[in-house]
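>>> Build me a structure from this.
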Amino acid sequence: MRRIERRLFAIDDAIEELRRDGLLVEAELSFHQHLNDDAQRDAIVSSHPMDRADARQTESDVKRFQRNLEQIRQRLVSLQAKRDRLIKNL
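Down below sits the predicted model:
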């Protein structure tokens, strides 16, 4: 097996792993978005300091998962472009 073929297999494996990670992060993001919706609603309705603190925390969790998902997507695009370049060289 040539070096380029080994690299293609490695990139394909990395792409598959990132896709799986992306699905997990999307599920976590959805979960945290629902929690955030509830926390924001509770903070508005009650105006209790604890509810406002929970709302801030859940909002930061949502932003963190959104950043993670965006990083995964960017990495996927990068690896797919690299794979396409390698395929052209076959």
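>>> what's around residue 39, how many residues?
Residues contacting residue 39 under the criterion other C-beta atoms under 10 Å number 22. C-beta: built from backbone N, CA, C; applies to glycine.
>>> Tell me where this structure has helices.
Assigned by DSSP state H, the chain shows helices spanning 3-46, 49-88.
>>> Make a markdown table out of those and add mean pLDDT.
Output for the helices of the chain, formatted as a markdown table (pLDDT from 0 to 100):
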| stretch | mean pLDDT |
| --- | --- |
| helix 3-46 | 96 |
| helix 49-88 | 97 |
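>>> And residue 60, how close does it get to residue 37?
When C-beta to C-beta, to the nearest Å is applied, the distance between residue 60 and residue 37 equals 15 Å.
>>> Apart from its neighbours in sequence, what residue is nearest the spatially most central residue of the chain?
Centre of the chain computed as the mean C-alpha position; nearest residue by C-alpha atoms, centre = their mean is residue 69, 1.8 Å away. Here the nearest residue to residue 69 in space, its sequence neighbours aside, is residue 25; by C-beta to C-beta, 6 or more residues apart in numbering that works out to 4.9 Å.
>>> What's the local residue count around the one you found?
19.
>>> The one 3 residues further on too?
A count of nearby residues for residue 28, using other C-beta under 10 Å, gives 16.
>>> got a list of what the closest residue to it other than its chain neighbours touches?
Leaving aside its chain neighbours, residue 28 sits nearest to residue 65 (5.6 Å; criterion: C-beta to C-beta, 6+ apart). Under the criterion of C-beta atoms under 8 Å, 6 or more residues apart in numbering, the contact list for residue 65 reads 25, 28-29, 32.
>>> Quick check: the gap between residue 65 and residue 1.
From residue 65 across to residue 1, the span is 38 Å (C-beta to C-beta).
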